[in-house]
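# need coordinates for the following:
(one chain, ligands or ions: 2)
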Amino acid sequence: MSFTEKVKVGVLGASGYTGAELIRLLNLHPNAEIAFLTANRFAGQRMADVYPHLSHLDLPDLIAIEEADWKQADVIFCGLPHGTTQETIKQVLSEAPESKIVDLSADFRLSDLDTYAEWYGHAHQAPELQAEAVYGLTEIFRDAVAGARLVGNPGCYTTAAQLPLIPLIEAGLIEADGVIIDAKSGVTGAGRSEKQANLHAEISEGMHAYAVGTHRHACEIEQGLTLANGGKAVMTCFTPHLVPMNRGILATSYVKLTGAESHESLHACLSERYDSEPFVHVMSLGVAPATREVRGTNQCRIGVFADRVPGRAILVSVIDNLVKGASGQAIQNMNVMLGLEETAGLDQVAMFP
Ligand SMILES: NC(=O)C1=CN([C@@H]2O[C@H](COP(=O)(O)OP(=O)(O)OC[C@H]3O[C@@H](n4cnc5c(N)ncnc54)[C@H](OP(=O)(O)O)[C@@H]3O)[C@@H](O)[C@H]2O)C=CC1
Ligand SMILES: CC(=O)N[C@@H](CCC(=O)OP(=O)(O)O)C(=O)O
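Ligands and ions are numbered 1, 2, ... in the order given. Below is the predicted model:
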C-alpha cells in the first residue's frame, strides 16, 4: 500500500481514554489524518467539550457509530468496551472489506473460541474474523501484523508481562509453567465511565488487589507463554492491583531458572533480543525501571534482578497503560500494517518528573 496522501483514520470510542490518547498521538503522526470520531453518550458533542486539552485541534465532532461512513477511513481503531466490538467489526468489514482494523478491546485477542467463551461469558460473535485476527504484540508478532487486516491489540497488563517473559521462555532460560506475575495499574486502566470503585476517595491514599486469581488477562498471558513454550500449555499466577496514579503499569514477575542459568543469562538474552527495538529498553543489570520513565511514551522498560533464593530471578517491567498498553501500540501496529515507519508519531520522551 503506498500513501502519497495521508492515511485516513476513524476512531470508534473517541470519547474514552484510549480514544483521546489516540487523538493526542495521531496529532503528531506525519502520515495520519482523522476522518471521523464516534461516541455513545457523548455523540453529537464537540471533542473540545469532552476533552478540553484537545480544544485547540481541528477535529470532527463526535458522531454515533451508526452515522459513521466506514469508507471514509483506511484504518479504524476500535476503543469500545469488550463484548461490543465483534458485531461492529463484522459490519465494518462486510461493508468496507479493504479497511484495516486495530481493535483495542479484548474481543479479538484469544485465538481459542472456547477459551474466549469461558473467560468472557459468551460465545464469540465473529468466529470467522477471529480466525484471521493477528495478536498485536508488535515486537513478537511483527511479521504477522504486517500482513493483517484485523489486529487484536493486547491488554495493558499482558503487554507489560509478556515482553520480558516470552523471549526467556523461547530461549528455554526459565521454566514456562508457574511464573508469578504481580502487577500494578494506574486508574485510567479502568476507562473513563463513572464507577464508584474508581472515585478519588476509593483510590487515593491506598492500594488494593482485585480479581485475585480470576483476572481475564491471565488467559491472554498464558496464550502468549504457551506459544513461546512451543505449544505446551502453561499456567501462570497473576494478580492485578490498583494504585493511586493515573497512568502506568508495573509488573513484577518471579521466575525459576532452568539448568545452570543465572540472572545474567536472562539479562543477556533480553538485551540481545530487544537491542534493535525502538520501544523496548532493557535496563543495566540490577537497575529497576519506574513508571514515571515511560509516562506518555510507547516505551516498555525491563529490569532484571538476581533473587536471593537460589535458582530464581525477578523481572520488573513498566509501560504506560494508555500508550504501549493501548493506543501507542495500536498506532505502532497501524504503522506496521501499512508499511509506514514503525516509530511514526511515537517518539515521545517521558515528561519528567
Ligand atoms: N484504559 C486502558 O488503559 C486500556 C483499555 N483497553 C481497552 O480499550 C477499550 C477502550 O478502553 P477505554 O478507552 O479505557 O474505555 P472508556 O470507558 O474510557 O471508553 C469507552 C468508549 O466506548 C464508547 N462506548 C461505550 N459503550 C458503547 C456502546 N454500547 N456503543 C458504542 N460506543 C460505546 C464510549 O462512549 P461514551 O463515553 O460517549 O459513552 C467511549 O467512547 C476497552 O475495551 C478497554 O478494555 C485496552 C488496554 C488498556
Ligand atoms: C485498572 C483496570 O481496571 N484495568 C483493566 C484492564 C485494562 C486493559 O488493558 O485491559 P482490557 O483491554 O483487557 O480491558 C481491568 O483490570 O479490567
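# use CA for all of it now, contacts and neighbours both
Fine.
# show me which residues of this protein are close to ligand 1?
13-19, 39-43, 79-82, 104-106, 155-156, 188-193, 321-322, 325-326 (Cα under 6 Å from any ligand atom).
# mark which of these are part of helices, please.
Among these, the members found in helices (DSSP state H) are 17-19, 156.
# tell me which two in these are the farthest apart.
Spatial extent of those (Cα to Cα) is set by the pair Gly19 and Cys156 at 14.9 Å.
# show me where pLDDT drops low in the stretch 1-150 of the chain?
In the predicted model of the stretch 1-150 of the chain, residues 1-4 satisfy pLDDT under 70.
# show me where it has helices.
Counting by DSSP state H, counting those that start in this stretch, one finds helices in the stretch 1-150 of the chain at the ranges 17-26, 47-50, 85-95, 113-120, 127-130, 138-146.
# of those helices, flag the one that's most buried.
helix 17-26 (a mean of 22; mean count of other Cα atoms under 10 Å).
# which of the residues of the chain next to ligand 1 are buried, as a ChimeraX select command?
The buried subset of those, as determined by 16 or more other Cα atoms under 10 Å, is captured in ChimeraX by this line:
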select :13,14,15,16,17,18,19,39,40,42,43,79,80,104,105,106,155,156,188,189,321,322,325,326
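# where in the stretch 251-353 of the chain is pLDDT low?
Using pLDDT under 70, nothing in the stretch 251-353 of the chain is flagged.
# repeat that for 90
Counting by pLDDT under 90, the low-confidence segments of the stretch 251-353 of the chain come to 259-261, 351-353.
# how about the helices in it?
Counting by DSSP H, counting those that start in this stretch, the helices of the stretch 251-353 of the chain are 263-274, 328-338.
# do you know which of the ones you listed lies nearest ligand 2?
Taking Cα to the nearest ligand atom, helix 328-338 is the member of those nearest to ligand 2, at 11.7 Å.
# ok, residues contacting that closest one?
1-2, 22, 25-26, 75, 77, 100, 102-104, 136-138, 142, 145-149, 151, 153, 297-298, 322-323, 341-346 (Cα atoms under 8 Å, 6 or more residues apart in numbering).
# now those residues: which count as buried?
Going by neighbour count (16+ other Cα under 10 Å), those have 22, 25-26, 75, 77, 100, 102-104, 136-138, 142, 145-146, 148-149, 151, 153, 297-298, 322-323, 342-346 buried.
# also near ligand 2: which of those residues, exactly?
Counting by Cα under 6 Å from any ligand atom, no member of the buried ones among the contacts of helix 328-338 reaches ligand 2.
# out of those residues, which are inside strands?
75, 77, 100, 102-103, 151 (DSSP state E).
# mind putting the ones in helices among the residues of the chain next to ligand 1 into a markdown table with distance to Ser204?
Output for these, formatted as a markdown table (distance: Cα to Cα, whole Å):
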| residue | distance to Ser204 |
| --- | --- |
| Tyr17 | 20 |
| Thr18 | 22 |
| Gly19 | 25 |
| Cys156 | 21 |
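# pick the one among those residues closest to ligand 2.
Nearest member of these to ligand 2, counting by Cα to the nearest ligand atom, is Cys156, at 3.7 Å.
# which residue packs closest to the closest one, ignoring adjacent ones?
Counting by Cα to Cα, 6 or more residues apart in numbering, Cys156 lies nearest to Gly325, which is 3.9 Å off, once chain neighbours are set aside.
# one more: Asn198?
Nearest non-adjacent residue to Asn198, counting by Cα to Cα, 6+ apart: Val187, 7.1 Å away.
# and Glu277, by the same measure?
Glu139 (7.5 Å).
# looking at the helices of the stretch 251-353 of the chain, spot the one closest to Val255.
Of all the helices of the stretch 251-353 of the chain, helix 263-274 comes closest under Cα to Cα, at 9.9 Å.
# what residues are up against the residue lying closest to Ser55 once chain neighbours are set aside?
Distances taken as Cα to Cα, 6+ apart place Ala48 nearest to Ser55, at 4.1 Å, with adjacent residues excluded. Ala48 makes contacts with 54-56, as judged by Cα under 8 Å, 6+ apart.
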